[in-house]
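Undergrad: okay, sequence plus prediction incoming.
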Amino acid sequence: MNWAFSLLGVSSDTDVAGVKKAYARLLRSTRPDEDAEGFQRLHAAYQLVLAQLSSREAQAAPSGRGNPPPATAAPTVRALDVRASLASERTTASSETGPTPLMPVPSVKTTPLVNPQELLGRVIQQAAGSDDERTFSRWLSAQLELWSIGVKQQTGQMLLQQLFREPQPIGTACLDALLQFFDLQQLTSGVNPVALARLRQRQLALWYVLPENHRALARHLNLPTNRLPERKALQASLDLLRSPLRWQRVLWPAIRRHRTAMIARLIHSLCSGQFADLPAPIDQHHAAFWYRAAQLGQISWPRFAIGSVRATFLALIVMVSMVLMTTLTSLAGGSELNWYASLGVAATMAAGVLPVWLVYAAWMWLDHWQSLPEPHPSKDAWLRRMLIPALCTICVVLDHLAKLQVLAICIMIPTLLLALRRYNRRSPPKPGKRKASRGASLPGVGFLLIMLANAASHLGHDFFDDVPLLAIITTVTLCVWFADMWRYRLYLTRSRTPS
């Protein structure tokens, strides 16, 4: 209440006549056509002061019948017609201070006093509970408090700060309607577009994890929603991510390849790889494990663990299949089954699965390590650069000194493939040129191999004895490696130059 007396420039013990004189004096400098918001605030203060004085006089007036005065309700500020109030004040001001020229006032209503926190809470609650952006936009337009430009700007800034601190489950359409109403999508609003996009992603993730929005999440992931098993798998994936990482819960989803891919797509749709933006019910460490396990471009600890689980499961399947086959063969032939021999053969074949997986995982890690860009920060940069020449040297030593030509060729052929992939993956992309896909190049490679095999079949058996096959492969490998290093000669020169 003190702000109303301060705005009118009167004390708290001023009578009604003094308040009206002060109001008439301030009306000369505060016109509704020049400062509509200031006029509304002045008129609201005037009505509050009059209501306070009326309440004070009613409490001080003695009762004629000796009964205590009736309890009066607390004064409330009502939205009055400005034209009617100004007409009555014009008469008062003319009789006391002389004629005062007033501009014609449009017929508008004063804005009631606003509680910013209460208004902000109502807006956020309505946005989080609304599914139709048109209904939500109409609700915003119907709020009398937001008709004031100053209140609208203040509420918009407070709303954005509140959402940055505590994101709410708001759909994309309602969030766009909210930002458009408060003019927060424009570049002149001063809002960082990157931070705004991140806020949109976090709020959409909170909206997706609600049970009533799982159907929309299934459509976003391109999962069929008319079949119950897919929706059950989506719900099971969300339940899995809400719990901490436990190996006993990882085994069954890891065996099913499509389940791992679906979990990774779900995580990507919720956070786009930013695990800090995941909703609160989802465990970030657990989500990061499944997200990295599904990345095919590089080998990582989660992917190695998932692959090891699958390789072990495949080895068990091979072992059980071999035991069943030997059992059925023995029963069909009428001979006695030797369980020790059967289990030995099955265990040997099952044990061959794990080394194959380990060799494949080592190749994937080596391929990714060699394909890293030259400016990539690492402590073993020179070891990565000199690996291919070192392997070529080892192969030459095995061939000439140890006379192990077959072993040298078995090492040299993967080294050549590694050098070719290193050169191809580290090549800078050329604008306007598309790289040929692997599927498109397979027919040509197959045709070339057939032609080479046909030509080799017409040669004598002793033809390759005089061909230095290992020297040719080694030379080609070193040429490819040197061509790759030549492209980065300027970077290597600068890295050796002391700053």
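TA: Nice, I can see it.
Undergrad: before we move on, which element is I409 in?
TA: helix 405-425 (DSSP states H and E).
Undergrad: for that helix, packing partners?
TA: Contact here means 3 or more CB pairs under 8 Å, 6 or more residues apart in numbering; DSSP states H and E; on that basis helix 405-425 packs against helix 353-370, helix 387-400, helix 469-487. (Each C-beta comes from the backbone N, C-alpha and C, glycine too.)
Undergrad: phi, psi for P169 please.
TA: phi -70, psi 80 (degrees, to the nearest 10).
Undergrad: check R31 too.
TA: The phi/psi pair for R31 (degrees, to the nearest 10) reads phi -100, psi 140.
Undergrad: how far away is it from F39?
TA: Going from R31 to F39 by CB to CB, to the nearest Å gives 7 Å.
Undergrad: compare those two (neighbour count), which wins?
TA: For the pair R31 and F39, the greater number of neighbours falls to F39 (21 against 14), based on other CB atoms under 10 Å.
Undergrad: quick check: the more buried one touching T30?
TA: Yes - counting by CB atoms under 8 Å, F39 touches T30, with 5.3 Å between them.
Undergrad: so which residues of the stretch 251-400 of the chain form strands?
TA: Applying DSSP state E, counting those that start in this stretch to the stretch 251-400 of the chain gives no strands.
Undergrad: show me where pLDDT drops low in it?
TA: For the stretch 251-400 of the chain, the stretches with pLDDT under 70 are 297, 337.
Undergrad: and E118, how many neighbours does it have?
TA: Residues near E118, counting by other CB under 10 Å, number 10.
Undergrad: sec struct for it, please.
TA: For E118, the assignment made with DSSP: H, G, I helix; E, B strand; the rest coil gives helix.
Undergrad: so Y491 touches P373, yeah?
TA: No - with contact defined as CB under 8 Å, Y491 does not count as touching P373 (9.8 Å).
Undergrad: angle of the top helix by length along the chain against helix 353-370?
TA: When the chain is parsed with DSSP state H, its longest helix is helix 301-333. Interaxial angle, helix 301-333 versus helix 353-370 (axes from the mean of the first three to the mean of the last three CA atoms, to 10 degrees): 150 degrees.
Undergrad: mind listing what's buried along helix 301-333?
TA: By neighbour count with 16 or more other CB atoms under 10 Å, helix 301-333 contains the buried residues 302-304, 306-307, 309-312, 314-315, 318-319, 322-323, 326.
Undergrad: which secondary structure elements does it contact?
TA: helix 247-255, helix 284-293, helix 339-351, helix 353-370.
Undergrad: of those, which stretch is the most buried?
TA: Sort the helices and strands packed on helix 301-333 by mean neighbour count, taking mean count of other CB atoms under 10 Å, and helix 284-293 sits at the top with a mean of 19.
Undergrad: touching it from outside, list them.
TA: Helix 284-293 is contacted by residues 240-241, 243-245, 250, 254, 260, 263-264, 267-268, 271, 273, 275-276, 278, 300-303, 305-306 when judged by CB atoms under 8 Å, 6 or more residues apart in numbering.
Undergrad: where in the stretch 101-250 of the chain is pLDDT low?
TA: Residue ranges of the stretch 101-250 of the chain with pLDDT under 70: 101-114, 186-190, 224-231.
Undergrad: hmm, back to that, take the helices and strands packed on helix 301-333 and write them to CSV, including distance to V123.
TA: Shown next, in CSV, are these (distance: least, CB to CB, whole Å):
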stretch, distance to V123
helix 247-255, 41
helix 284-293, 30
helix 339-351, 63
helix 353-370, 49
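Undergrad: which one of the ones you listed lies nearest to M158?
TA: Across those, M158 has its closest neighbour in helix 284-293 (29.0 Å, CB to CB).
Undergrad: now the angle from that closest one to helix 247-255?
TA: Using the same axes, to 10 degrees: helix 284-293 against helix 247-255 is 30 degrees.
Undergrad: figure out how far helix 284-293 is from the centre of its chain.
TA: Helix 284-293 sits 14 Å away from the centroid of its parent chain (CA atoms, centre = their mean, to the nearest Å).
Undergrad: just stretch 22-32 next, same as before
TA: Mean-position distance between stretch 22-32 and its chain equals 54 Å (CA atoms, centre = their mean).
Undergrad: got it, and stretch 184-204?
TA: Centroid separation for stretch 184-204 versus its chain: 13 Å, with CA atoms, centre = their mean.
Undergrad: what distance separates the start and the end of that stretch?
TA: 18 Å (CA to CA, to the nearest Å).
Undergrad: re the thing from before, so which of the helices and strands packed on helix 301-333 gets nearest E133?
TA: Of all the helices and strands packed on helix 301-333, helix 284-293 comes closest under CB to CB, at 29.7 Å.
Undergrad: how about the CA coordinates for that closest one, as CSV?
TA: Only the C-alpha atoms of helix 284-293 are listed here, as CSV (Å, rounded to 0.1, in the frame of the first residue of the first chain):
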residue,chain,number,x,y,z
GLN,A,284,22.9,-41.4,-17.4
HIS,A,285,25.6,-44.0,-16.9
HIS,A,286,23.3,-46.8,-18.1
ALA,A,287,22.2,-44.8,-21.1
ALA,A,288,25.8,-43.9,-22.1
PHE,A,289,26.7,-47.7,-22.0
TRP,A,290,23.9,-48.7,-24.4
TYR,A,291,24.5,-45.7,-26.7
ARG,A,292,28.2,-46.4,-27.1
ALA,A,293,27.6,-50.1,-27.5
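Undergrad: many thanks, have a good one.
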